[in-house]
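Participant: need the 3D shape of this:
(chains A and B)
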Amino acid sequence: MKVNVPVLLGGLFITAILVAMLGSGFGHDPREVPKALEGRVAPTFSLVSTDGDPVSLADLRGKPVIINFWSTWCQPCRQEHPLLLMAPSQYPDVVFLGVVYADEPAKVKAYLKSGGQTYPHLIDPGGRVSIDYGVAGVPETYFVDVNGLVIHKEAGPIWPDLLAELVPKMRKP
Amino acid sequence: MISSLGIGLVLAGLFFAAIGSIVGFVAGARRDAWLLQVARYMAYGYGASLISACLLMMYALLIRDFSVHYVSEVGSLSVPTHIAIISLWSSLNGSILFWGGVLGVYVIGMVASLRGRHPDHEPYAIGVLLAISVFFALLVASIANPFAPTELPIPLDGPGPNALLQNHPLMAFHPPMLYLGYVGMAVPFSMCAAALLAGRLDAGWMAPIRTAMLVPWTFLTVGVVTGGWWSYEVLGWGGYWAWDPVENASFMPWLTGTAFLHSAMVMQRRGRLHNWTLALGMATFLLTLLGTFMTRSGVFNSVHSFTQSDIGPVFLGMIALTFSSSVLLLALRSHTVMPSAAPPVSKPSSRETVMLLQNLAFASFTFTVLVGVLYPLVMEGWFETRVTVGQPYFDHIAVPLGTAIVFMMGVGPVLPWGGVSEAAAGRSLLPALGAGVVATVIAAVAGIHHSMVLLALFVCAFALAANLGEYTEPVGVRMKRGEGVFTAMSNVLARGRRRFGGHVAHLGVIVATVAIAMSSAYKVEQDAVLTLNQSTTIGAWTATSLGTHEIKESNRSATVARFSLTKGGSDAGVIEPRLNFYPRMMEPIGTPAVRSSVAGDLYVSLLHVDDAAGVVSIRIMTMPLVVWLWVSPLFIILGTLMALWPERRALASASVAPAATVESV
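Facilitator: Numbers count the residues shown, from 1 in each chain, chains lettered A, B, ... in the order given. From the prediction side, this is the model:
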């Protein structure tokens, strides 16, 4: 039998490589957002809230802190707003901080006036803090435990059970 | 009831395909006419079973029979009837069933059209095509079974299909067109494999293979363009092509399919490129399998990959098997299809040389796109590094190769088969080159100074003149002989309908190229935040915010923003971009408002509405000539119909020998 050896070897080689390449994608979720910060010390920041009060993360060491990056133009942020509004009364030992992402202070103030406010919302000039945290989109919420470590990052709106699950972990020294 | 009936139909299809495939191969090896007839019946049986299964699922979706698992996943009482029907392809299991059903249509089509005329090749073609059918019937019967009964208690209502699919009428056209393109490539694949299995490839067998490629290729063209159109009309970023992995997946088989259509002509006319043509025909189907894998495996990140599933590994197994069998067939059997006589000598300035170069350009284009698609996957899978291959990489390939291909599209038709001297070739190209130069100068005078656009206009005008010249020249000759203009035009057309079909398809490519060049280079875009009665101006257009209102529809609610428009100072009506909110979708889906005209579009996309502050933020842009991109497939459809329309002579004597029907391109 006449065999075209270059076609045979070349073709099978290409097939093997291609299948190996395609197969390498299994087990990876292409939509997953990198969670590089989890398990590391939360980057510190000192910002000023919409009410003009300075807030420094370093001063909050020893307390569980939930940092929520959001903006007024983001629909899912508006969806989770009522939950975040209620949460400080439910978890009085936890410090809630909003960090405004790529938005105008005037709009944020107007929104908080109509939508309600129960914790400070910080203006992040130039988005420096968002960059430090690696915020890829809003909303994103970082859960910082009493040791100052980020124990979880949630991309997308949060839900009540998530708070119930994470807050006890954040309290553990 | 529907569940049992559906599963029964799919199992029957699986049975017909499995038996028919084996019988087909045996009939081919033994040259047994009776067995061939059995294989044909089995093929019809497979087609009828899977088509019926698809229709049954549509019926279940229409009557909202939530006892069928797939209906409980994608059906909903609140969606309108047309959405209920297109839900068939809105999720994984339904779309695999649809794949099987479309394959059924093609199986019946192939067997009916080949019947009796190619006894050497037909049994093998049926054997291979039914082997592919076995795989899809097996998927539908096992891991992707849409007919599985719903677990009790049966829900009273369902969630409805993916919101992106509900959002625009084009979703009723784009996926089926793409499926008709993808699935249909199984037919030329099977026929190419049959040539290798039978050990014979002549112009008589290449003609039906080329027809079998032309049909799905046309559907694929329409599918790719409507996909871009959908993306433009729905996704709101103002573009139509993002070199997304799944867009690339549909583009790669289009490239190899186009290359095949040309190399098949070289094979038919000049007795060259036998194995190359077969390899292209087979690669085109393999790339469609790759495309289906990309959309359905969940391995690629794309706006189009709607489903994450465990079907991936099985599909990968199918890809591995089909790729390696194709390689084995080509390696072991390619010598059997080589012509015994040496092909006639071709000069460098010949049509076949241009087609060979054009084929190389298509192959390089495919390869570089494939590298761009696979590179991020490999980097992440093997090296744990996340990278993206962006638009600049693809543009770097697409612009020079696309320009070269359009240029060759003008050179090829002007040069004769076999070739002429360089001097004669130069002389025959001069008029078209002149037309290119004139068009470029006119464009530059008219204010177009973008160098790539000028280059695109040059090659397009050149190719247009060359392709038109192929028609006007013989018409002119006939008129000199005393024929009237219309008689001459119709006589020329009648004598080479297939050839002119090709020229008309070329016009479609030229129109698309001009539209792409102009709309991407001269797009003007701006974002604006407007309070009530505030205006923004872009070019000649001014949009004034008239506020927003909410509307409620059966399956969604929407925030609609109204803008009054003026163009050049005169009233141009009202435009209403909207944000649609679907239950169970966290983010709204925009529907930009587009005001189209032959000269260009005004495109307004609603980004955000702030009721508290009373402001709307919009993206507003103008895109010249973009509407011509959506029109371009019409030329390709027309060209294909011209090429496929049966010749009057052939109709008169259906028994005409296949070798004699070889097209006269």
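Participant: burial count for residue A:116?
Facilitator: A total of 12 residues lie near residue A:116 under the criterion other C-beta atoms under 10 Å in any protein chain shown. All C-beta atoms are positioned from the backbone trio N, CA, C, and that covers glycine.
Participant: now residue B:80
Facilitator: With neighbours defined by other C-beta under 10 Å, the count for residue B:80 comes to 11.
Participant: spit out the contact partners of it.
Facilitator: Residue B:80 makes contacts with B:554-555, as judged by C-beta atoms under 8 Å, 6 or more residues apart in numbering or on different chains.
Participant: same check on the one 10 residues further on?
Facilitator: Under the criterion of C-beta under 8 Å, 6+ apart, the contact list for residue B:90 reads B:74, B:161-162, B:165, B:306.
Participant: go again with 6 Å.
Facilitator: Residue B:90 is in contact with B:74, B:161-162, B:165, counting by C-beta atoms under 6 Å, 6 or more residues apart in numbering or on different chains.
Participant: which other helices and strands does the longest helix along chain A contact?
Facilitator: Among the elements of type helix in chain A, defined by DSSP state H, the one spanning the most residues is helix A:5-23. The contact analysis (3 or more C-beta pairs under 6 Å, 6 or more residues apart in numbering or on different chains; DSSP states H and E) places helix A:5-23 against helix B:312-333, helix B:351-383.
Participant: need the ones you listed in CSV (columns: mean neighbour count, distance to chain A and mean pLDDT).
Facilitator: Rendered in CSV, the data for the helices and strands packed on helix A:5-23 read as follows (neighbours: other C-beta atoms under 10 Å in any protein chain shown; distance: least, C-beta to the nearest C-beta, whole Å; pLDDT from 0 to 100):
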stretch, mean neighbour count, distance to chain A, mean pLDDT
helix B:312-333, 18, 3, 92
helix B:351-383, 19, 3, 90
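Participant: got any ranges where chain A has weak pLDDT?
Facilitator: A:1, A:27-36 (pLDDT under 70).
Participant: can you list the residues of it near chain B?
Facilitator: Along chain A, the residues adjacent to chain B under the rule C-beta under 6 Å from any C-beta of the partner chain are A:2-4, A:7-8, A:11-12, A:15, A:19, A:21-25, A:28, A:30-31, A:73, A:75-76, A:107, A:110-111, A:114.
Participant: which of those count as buried?
Facilitator: The neighbour-count test (16 or more other C-beta atoms under 10 Å in any protein chain shown) applied to these identifies A:4, A:7-8, A:11, A:15, A:19, A:21-25, A:28, A:30, A:73, A:76, A:107, A:110-111 as buried.
Participant: now whichever residue of chain A sits closest to chain B: closest residue in space that isn't a chain neighbour?
Facilitator: For chain A, the residue positioned closest to chain B under C-beta to the nearest C-beta is residue A:24, at a distance of 2.6 Å. Leaving out its chain neighbours, the residue that sits closest to residue A:24 by C-beta to C-beta, 6 or more residues apart in numbering or on different chains is residue B:381, at 2.6 Å.
Participant: now do the contacts for the spatially most central residue of chain A.
Facilitator: With distances taken as C-alpha atoms, centre = their mean, the residue of chain A nearest its centroid is residue A:140 (3.1 Å). Neighbouring residues of residue A:140 by C-beta under 6 Å, 6+ apart: A:69, A:155.
Participant: state the phi and psi torsions of it.
Facilitator: For residue A:140, the backbone dihedrals are phi -140, psi 140 (criterion: degrees, to the nearest 10).
Participant: repeat for residue B:522
Facilitator: According to degrees, to the nearest 10, residue B:522 has phi -110, psi 30.
Participant: now the residue lying closest to it once chain neighbours are set aside: how far from residue A:71?
Facilitator: Leaving out its chain neighbours, the residue that sits closest to residue B:522 by C-beta to C-beta, 6+ apart is residue B:624, at 4.9 Å. Going from residue B:624 to residue A:71 by C-beta to C-beta, to the nearest Å gives 34 Å.
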